[in-house]
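[1] The sequence and its predicted three-dimensional model are supplied below.
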Amino acid sequence: MGHHARKKGTALVISKIICTFATLFKKGKLKIIKKNMYKPTFNKRQVLVFHRFGNKGYSLFACLGREVVCSVLSVATLTYASAESVSTDPVVTDSTATTTAREMMLEEVSVTGSRAPLTKSQAARMVTVLDRADIAQAPVQSINDLLKYALGVDVRQRGPIGAQTDISIRGGTSEQIILLLNGINICDPQTGHNAMDLPVDLSEVVRIEVLEGPAGRIYGTSSMVGAINIVTRPASDTSADILLEGGSYGYAKVSGRANQKSGHWNNQLSAGYSRSDGYSENAAGHKNSDFSGSKAFYQGQYDDETVRLHWHLGIADKGWGSSTSYASPKWQADDQYEHTTKVYSAIQGESKRGILRLSGNIYWNQNRDRYEGYRGQPDKMKFNYNRTDVYGVSLSSYFDWAIGRTAFGAELRNEDLVSGNLGEPLSQTHHIRNTDRDYTLGVNRTNISAYLEQNILLNNFTLSAGLVAVKNTWSSMNMTVYPGVDISYRPGSHWRLHASYNTSLRMPSFTEMYYKLQGYSADPHLKPEEMQALEAGITFQSSLITLNSTFWHHHGKNMIDWIMDTSKGDEAVWESVNHTTINSTGMEVSATIDLSQVEPHLPLMKIGYSYIDQSKDQEAHIVSQYALEYLRHKLVANLQLPIWQHLRLNVNGRWQDRVGSYTDFNGNIQDYKPYFVADARLTWQQNRWKAYVEANNLFDTSYRDYGLVEQPGRWLIAGINVNL
């Protein structure tokens with residue numbers, strides 16, 4: 001009876017929708033886009049021209065850095081198309097012009113918002129974009145620090161300058177987002193704590209795309225509450241540059257990049273090293289927050305009229321003093337240490353002609369981790385070693401026909417862990433290099449997913465609907481389908497309304513399933529988390545001002561968290577558990593005012609506010625480590641002010657109020673306190689070089705992202721970047 005009733009109800013809803021569209025067609029309010037727009041010439045988009053910077057190479061950057069409605073990258077979001085979110089193909093160039101006067105026509109901007117490629121004006125999903133202009137001027141040294149100023153993103157640090165960072169979206173946890181490098185999933189199934197150990201330098205990043213809300217039908221598993229795609233690309237011409245930085249607490253950094261462009265081929269190599277003495281000390285008087293690390297990244301590209309290929313190979317090697325990162329009242333270790341080595345590799349390609357467009361990728365990522373509970377003292381607590389290898393392959397396609405654009409594809413991803421502490425006993429052990437120990441435990445699981453998406457495009461209306469079917473070999477769940485639908489309506493040239501319903505899931509990390517050391521007790525039988533979300537918003541955009549307002553509701557079940565029952569006294573430990581349900585409701589409002597459109601020496605100002613409320617009440621004696629510690633209030637502001645000729649000031653500020661509490665080393669429960677932090681950078685920009693000075697935590701605010709780890713005070717840095 002229930003099944004037939006649901007079918008009848010669904011049929012009734014569909015019939016009403018059809019009748020509504022028929023009425024609108026008769027009245028002339030909706031028009032079907034001509035079929036010829038789906039021919040191959042569809043990808044030759046109209047050039048964007050801005051009122052003030054028309055036909056200039058930097059025109060693009062004047063309109064981004066705010067929340068905009070965007071389309072997908074070239075074929076599917078799991079392919080190379082993600083790396084080309086901004087087209088670099090010049091339509092018009094003037095070889096006789098100087099570097100500053102060079103003009104370049106750029107195609108319409110595209111970023112990840114659905115499975116099929118749609119133009120910016122047609123897409124139905126909202127994506128926050130941090131563009132190259134934001135990155136170049138921001139008073140930050142890492143991608144982690146830059147994301148602090150993305151309105152819907154919560155960045156919780158256990159160390160400065162990107163030493164270790166947990167990143168979440170809309171009140172979720174660091175395990176619930178998917179992190180991508182040029183569209184490739186680089187999430188570490190062992191733990192989300194080290195996900196931001198990236199092989200690319202901030203100066204190489206073209207843009208960062210933040211997709212808020214469940215993205216299961218776009219990215220598959222792990223994208224519970226959102227996705228962050230870090231986009232790089234080789235330079236457009238043969239060039240090289242070098243960066244030098246130095247500052248407080250013995251901070252120093254050197255990095256360089258060289259690019260060679262020849263015909264259809266483009267190859268770029270970069271490398272860098274950074275270090276710091278640290279800003280805090282342990283009880284014995286030794287620095288316990290020092291860090292040092294190296295990274296290298298090679299990326300290549302071949303692009304002609306029929307095919308585009310892209311490949312990358314990167315390594316990030318880093319060690320840092322973890323101070324009291326994982327300490328507890330029961331285990332008051334204040335000199336922990338961790339070292340990670342990560343390797344990233346991928347080959348991606350797509351066809352550029354034909355009725356059926358194909359794209360695919362194959363990738364391998366390896367993560368090595370050594371954790372020392374007592375730094376340099378394995379006899380006191382044996383070091384914890386882990387190695388994770390992730391292999392993936394995907395194939396995507398799309399085609400056009402009478403009712404719109406259809407996209408479909410599939411992905412296979414294998415995650416393999418060998419460890420000295422996590423997993424089940426191995427039938428055959430593996431030696432841990434540079435030690436006298438073996439990996440004796442491990443876990444292996446494979447995730448298979450397939451997706452289907454249909455896009456209906458009308459004159460002022462877009463409907464994008466699809467689903468992803470997921471099966472994981474670790475879980476006992478059957479093949480499960482997660483649907484989603486996005487709708488956008490454009491009543492005028494300046495206004496846009498959007499609404500969506502999306503679902504997703506996440507498999508537990510290996511740490512959540514198996515970690516059992518020094519006051520931690522994991523559960524290997526954790527269930528996958530699942531999320532349903534509703535969202536609606538409105539945008540107004542003109543040449544001078546952009547206004548956004550978004551409201552959302554998340555319903556999550558089987559949510560995973562580490563909790564401690566303090567009523568157990570000395571017997572209390574951190575336990576990984578599935579919460580029954582957590583309901584989250586939030587809103588985001590933002591405004592961008594670009595007065596430079598009126599007068600070049602006037603500032604550009606941005607301000608945004610987000611609010612979140614979670615309905616899951618927690619018992620007074622239960623302390624949550626992640627899931628119920630979220631930013632109820634977040635206010636961000638940015639001022640970009642041209643001072644005089646080549647001199648420019650950029651000031652960022654954020655005020656945050658976190659829900660939750662922590663137990664200090666004296667056994668007292670402390671609530672998180674709200675705080676305000678300001679960062680500023682003063683830059684002198686010339687054609688071939690720039691110099692800058694900046695201050696992080698300008699007012700020397702004392703604050704904590706995690707209860708037992710106090711963040712650094714004022715941090716002064718000076719740097720110079722020279723184009724060779």
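    The structure has been received and is ready for your questions.
[2] What is the neighbour count of His555?
    Applying other C-beta atoms under 10 Å, we find 16 residues neighbouring His555. Every C-beta, even on glycine, is put in place using the N, C-alpha and C of the backbone.
[3] And for it, nearest residue in space, chain neighbours not counted?
    Gln532 (4.7 Å; C-beta to C-beta, 6 or more residues apart in numbering).
[4] give the contact list for that neighbour.
    214, 501-503, 554-556 (C-beta atoms under 8 Å, 6 or more residues apart in numbering).
[5] Export the residues you listed as TSV, with columns for secondary structure.
    What follows is these, written out as TSV (DSSP: H, G, I helix; E, B strand; the rest coil):
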residue	secondary structure
Pro214	coil
Tyr501	strand
Asn502	strand
Thr503	strand
His554	strand
His555	strand
Gly556	strand
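[6] Find the pair from those with maximum spatial separation.
    Greatest spatial distance among the contacts of Gln532 (C-beta to C-beta): Tyr501 and Gly556, at 14.7 Å.
[7] more crowded one of these two?
    More crowded of Tyr501 and Gly556, by other C-beta under 10 Å: Gly556, with 28 against 17.
[8] Next up, the contacts around that one.
    Under the criterion of C-beta under 8 Å, 6+ apart, the neighbours of Gly556 are 224, 529-532, 579, 581-584.
[9] one more time with 6 Å, if that's ok
    531, 582 (C-beta atoms under 6 Å, 6 or more residues apart in numbering).
[10] for Ser174, same thing?
    Contacts of Ser174 (C-beta under 6 Å, 6+ apart): 166-168, 192.
[11] can you check Val205 too?
    135, 230, 232.
[12] Can you give me the pLDDT of the last one?
    Pointing back at Thr232 there. With respect to pLDDT, Thr232 scores 92.
[13] so it bridges to which residues?
    Val205 (DSSP bridges).
[14] any idea how far Gly314 is from it?
    10 Å (C-beta to C-beta, to the nearest Å).
[15] List the buried residues for the helix or strand harbouring the residue nearest to His555?
    Per DSSP states H and E, Gln532 falls inside strand 529-541. Within strand 529-541, the residues scored as buried using 16 or more other C-beta atoms under 10 Å are 529-533, 535, 537, 539, 541.
[16] hang on, Ser596 in a helix?
    Yes - assignment of Ser596 by three-state DSSP places it within a helix.
[17] From Arg654, how far off is it?
    Ser596 is 23 Å from Arg654, where distance means C-beta to C-beta.
[18] now swap in Tyr501 and tell me
    Distance, Tyr501 to Arg654, by C-beta to C-beta: 31 Å.
[19] where does this structure dip in pLDDT?
    Low-confidence segments of the chain, defined by pLDDT under 70: 1-113, 119-121, 518, 617-619, 626-627.
[20] Geometric centre of it: which residue is closest?
    Ile228 (1.9 Å; C-alpha atoms, centre = their mean).
[21] Quick check: beta-bridge partners of it?
    Leu179, Val210.
[22] How much space separates it from Leu467?
    From Ile228 to Leu467 the distance is 23 Å (C-beta to C-beta).
[23] quick revisit: which of the contacts of Val205 tops the neighbour count?
    Within these, Ile230 tops the neighbour count with 26 neighbours, counted by other C-beta under 10 Å.
[24] Okay then, goodbye and thanks.
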